[in-house]
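*Asks:* Task: produce atomic coordinates for the following.
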Amino acid sequence: MQVGEIPHFDSGSRAEVQALCSRVRDDLDAVVSKAVRRIRHELPEYLVVAENEHWEAVHEQLRRRLEAVRYDRPPETADLESAARLARARARQHVQISSLIDAYHIGDSEVWNALVRASDEASAPELPRLASRMMDSLHVLSSALTAAHSEVTQSLQGHRITLIHRLVERLTNGVVDDEVRAIAETLRMPATASWQVLVWAPPRSNAEVSFELQRSITGLGAQIICAARGAHLVVLADESSSTAVRAYAESHREGRWGIGMLRQGLDGAAASLEDARLALDAATAPRRVSDFSDNWVLACVAAHRDRLVPLVADLVAVAREHPHLADAVIAHWENSLSLAATAKALNMHANTLTYRLGRWRDLTGLDPRSAPTLLQSWIAAQEARRP
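*Replies:* Numbers count the residues shown, from 1 in each chain. Got it, this is the predicted structure:
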């Protein structure tokens, strides 16, 4: 026998252990019921498992554990296959591997408590050896549980990613049909929930959307979906998660963000995605985050930029050549045509502001102190800021 190896029972000890296990087996239903109650109380994840199904699984588990103790043997192939089947089932029910192993420990602890209670003067000396046997075999079972659980989890994760990309593709195209509703149900997206979509563009057009960024965002809430769409990242967040995602976007220093409105249902998610896309197109320096609800005028203008740009091309050229004049035009718009408020916002004397607005008029022929021509000037100045 090697150092540290647990010796087998001699014939006398074996008889005492088998008698002890027989006494526990006679009360096994009560042991199982106590283990199930503890698991469902201490590990709330298990509430997704029907109680009768849970009881049957624990009964099978503890019966096998008690048999292994009774006959002084490690887990056999049948035991490992039974554990693997259970691990795969729990993975499909979204029970985490840590909870599954914890549940096995709870079951073992109840078997151990029952053995202690049922022991007598003859069998009590064998308890330390039984404890060592149970710990060793639990380690072997845990390895089988982990391998089987991981196999299903990886498969489910791959399937989930495929579904998410398909969902985002359909929503991007404005399609909400039976397929989209079925995908949403599979992804556990409540049909009546409200969704806010954010779209991120990297600082460089050839940059890739990193997995780390997606993982950081999905960790902000329970109902958040991320998917790369071309060079952009699309984020769907439910109402309870949207505040955290928005705060993340506002603190994220790289790239640009477009934020859609919070809208109800899957049709609302598709509309919010279009909001976010339009808002992103309207995001101009120095603004990194463009919210459709605040920036909808420019967003809608930007949606038709191919039609409008030729009309303001000369104005855009002036704005790019004289950015300080364009800044004055934009500030004048944002401060409701108030010279005093605009000068304060730009931290300059009112006379300097008047000169710059006049200079813009001289160069473009449009007076920015008049609402109709200020709108044209503002559109041109914003276009000049586009990356």
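*Asks:* Over to residue 226. Which of the three states is it?
*Replies:* Assigned with DSSP: H, G, I helix; E, B strand; the rest coil, residue 226 falls in the strand class.
*Asks:* How many residues are close by it?
*Replies:* 23 (other CB atoms under 10 Å). For the C-beta atoms, the positions are set from N, CA and C on the backbone; glycine is no exception.
*Asks:* and if you look at the one 4 residues further on?
*Replies:* Residue 230 is flanked by 9 other residues according to other CB under 10 Å.
*Asks:* Phi, psi for it please.
*Replies:* Torsion angles at residue 230 (phi, psi; degrees, to the nearest 10) stand at phi 70, psi -130.
*Asks:* did I read that right, residue 222 in a helix?
*Replies:* No. Residue 222 is assigned coil when assessed by three-state DSSP, not a helix.
*Asks:* tell me the contacts of it?
*Replies:* Taking CB atoms under 8 Å, 6 or more residues apart in numbering, we find residue 222 in contact with 238, 240, 241.
*Asks:* From residue 166, how far out is residue 213?
*Replies:* Per CB to CB, to the nearest Å, residue 213 is found 21 Å from residue 166.
*Asks:* now swap in residue 204 and tell me
*Replies:* 27 Å.
*Asks:* Which one of these two is surrounded by more residues?
*Replies:* residue 166 (14 against 10).
*Asks:* wouldn't residue 199 be in contact with residue 249 here?
*Replies:* No. Residue 199 lies out of contact with residue 249 (CB atoms under 8 Å); the separation is 9.9 Å.
*Asks:* Now the common contact residues for those two.
*Replies:* Both residue 199 and residue 249 are contacted by residue 257, under the criterion CB under 8 Å, 6+ apart.
*Asks:* Same drill for the two, tell me which one is more crowded.
*Replies:* The residue with more neighbours, out of residue 199 and residue 249, is residue 199; 28 against 21, by other CB under 10 Å.
*Asks:* re earlier: quick one, which of the contacts of residue 222 are buried?
*Replies:* Among the contacts of residue 222, those scoring as buried are 238, 241 (criterion: 16 or more other CB atoms under 10 Å).
*Asks:* which one of the contacts of residue 222 sits closest to residue 173?
*Replies:* Nearest to residue 173, judged by CB to CB, of these is residue 238 at 21.7 Å.
*Asks:* What pLDDT does the model give the nearest residue to that closest one once chain neighbours are set aside?
*Replies:* Distance criterion CB to CB, 6 or more residues apart in numbering; nearest residue to residue 238, sequence neighbours excluded, is residue 223 at 3.8 Å. On pLDDT, residue 223 comes in at 87.
*Asks:* Could you do residue 55 as well?
*Replies:* pLDDT, residue 55: 97.
*Asks:* Now do the SS call for the nearest residue in space to residue 175 that is not next to it in sequence.
*Replies:* In space, and not counting its chain neighbours, residue 175 is closest to residue 270: 7.4 Å by CB to CB, 6+ apart. At residue 270, secondary structure determined by three-state DSSP is helix.
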